[in-house]
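Participant: sequence first, then the predicted structure, then my questions.
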Amino acid sequence: MSDSVLVTGGSGFIGTWVLHELIARGARPVVVDVKPAPERWQALLGDQASQVEWAGVSLLDCEGLEQTIRQHGISHVIHLAAMLTPDCQQNPLEGCRVNVLGSTSVFDAARRSERVRSISYASSYAVYGEAVAEGASDTGPPTFYGAFKLAVDQIAEQYWRHFGIASIAVRPHVVYGPLREVGLTAGPSLAARAAALGEPYCIGYTGRVCYDYVADVARAFVRGAFDCPDGASVVDLPGEPATTDEFAAAIADAVPEAAGLITVDGPRIPSNIPPAPNYINTLFTDWTPTPLREGVRRTVDFYRQSAGL
């Protein structure tokens, strides 16, 4: 009998790729999110989108989550649902409800069910301050979003200490790839799509950050859920560092005819480099990330195939 996995935030960009990874592994995904995403699921999963089960329960409904876990025979949880940085900055109280209380609801539902073996969940490089990246003392998270993510990491540790709920937090940096469409750092992915279609695009920020290909990120969450060690682990993904101009150059390599169509302009974004990284390789020694140029090529190929080019 295949494992059933609860995926919160399964309608989103990363969540859809997690569904793809789970189905490839033979698991049965059950999604909790604000609403289903049939078009996005169909774009990536094709006919396999019919294998996704939808649970119409709120993240803040701990009893409803527990019932969903029992009803579907859930053995593992992948928790991705969250409000992102801009929304948390504009409405910190709601951000706290969703990101902190919602995450606690997920952990407690797993505890109450007495059947969830482990949880993998999304932490973030946003827990690191810009001052740390520049070599100064640790100033802590620079945003509400980062503070909320750090709080959840500490809450996860408490659930292991007091209730034995094993978990692994995965911290990606800038995630790129097919179907990334929302947020400032969606720019490189949208630029790859534009290049594939022969259209111009300006990436709206500058700076050097680490880039994680979305299939790697999904694989990290799924492997974290199924191969989670005892404890409350926190791991960083070893994304490939690149400037925005270098990312644009990788697109030009994949689509030579698009040279000159992709430009870069905008504010510099913080690098948020971990002061003492604990990369996922420490847990999974065979971990191999997708090189940036290969990830860009796959992204371009996806959009070309989708457009029938």
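Facilitator: All right, it came through fine.
Participant: V57 and N272: what is the separation?
Facilitator: From V57 over to N272 the distance is 33 Å, taken as CB to CB, to the nearest Å. Yep, even glycine has a C-beta here, placed from its N, CA and C like the rest.
Participant: quick one: furthest residue from the center of this structure?
Facilitator: With distances taken as CA atoms, centre = their mean, the residue sitting farthest from the centre of the chain turns out to be E257, at 31.4 Å.
Participant: skipping adjacent residues, who's closest to that residue in space?
Facilitator: Leaving aside its chain neighbours, E257 sits nearest to G198 (7.3 Å; criterion: CB to CB, 6 or more residues apart in numbering).
Participant: residue contacts, the one you found?
Facilitator: E257, A258, L261 (CB atoms under 8 Å, 6 or more residues apart in numbering).
Participant: for the first one, helix, strand, or coil?
Facilitator: Recorded secondary structure, E257: helix (DSSP: H, G, I helix; E, B strand; the rest coil).
Participant: biggest helix in the chain, by residue count?
Facilitator: helix 144-163 (DSSP state H).
Participant: can you map out the helices along the stretch 151-300 of the chain?
Facilitator: Along the stretch 151-300 of the chain, the stretches classed as helices by DSSP state H, counting those that start in this stretch are 187-196, 214-226, 244-254, 292-306.
Participant: and the second one, how far out from the chain's middle?
Facilitator: The one in question is helix 214-226. Relative to the centre of its chain, helix 214-226 is centred 9 Å away, using CA atoms, centre = their mean, to the nearest Å.
Participant: and it, what does it pack against?
Facilitator: Helix 214-226 is packed against helix 13-25, strand 74-79, strand 118-122, strand 167-171, strand 174-176, helix 292-306, with contacts defined by 3 or more CB pairs under 8 Å, 6 or more residues apart in numbering; DSSP states H and E.
Participant: now stretch 199-212: mean pLDDT?
Facilitator: Here stretch 199-212 scores 95 as its mean pLDDT.
Participant: now stretch 144-160
Facilitator: Computed over stretch 144-160, the average pLDDT equals 96.
Participant: chain center to that stretch: distance?
Facilitator: 16 Å.
Participant: buried ones in it?
Facilitator: Going by neighbour count (16 or more other CB atoms under 10 Å), the buried part of stretch 144-160 is 144-153, 155-157, 159-160.
Participant: between these, which is nearest R70?
Facilitator: Y159 (18.6 Å; CB to CB).
Participant: for that closest one, which non-adjacent residue is spatially closest?
Facilitator: Leaving aside its sequence neighbours, Y159 sits nearest to I165 (CB to CB, 6+ apart; 4.1 Å).
Participant: so where's the chain shaky on pLDDT?
Facilitator: Where the chain drops to pLDDT under 70, the residues are 1, 129-139, 309.
Participant: number of residues surrounding A43?
Facilitator: A count of neighbours around A43, defined by other CB atoms under 10 Å, yields 15.
Participant: check which helix or strand covers it.
Facilitator: Taking DSSP states H and E as the criterion, A43 maps to helix 38-45.
Participant: which outside residues touch that helix?
Facilitator: 11, 13, 16-17, 19-20, 23, 49, 51-52, 178-179, 306.
Participant: out of those, who's the most crowded?
Facilitator: So for those (other CB under 10 Å), the most neighbours sit at L19, 29 neighbours.
Participant: can you tell me the closest non-neighbouring residue to that one?
Facilitator: Counting by CB to CB, 6+ apart, the residue nearest L19 is P29, at 4.9 Å.
Participant: wait, a strand at that neighbour?
Facilitator: Yes: judged by three-state DSSP, P29 forms part of a strand.
Participant: so who does it touch?
Facilitator: Applying CB under 8 Å, 6+ apart, we find P29 in contact with S4, V5, V7, G10, V18, L19, L22, I23, Q51, V52, E53.
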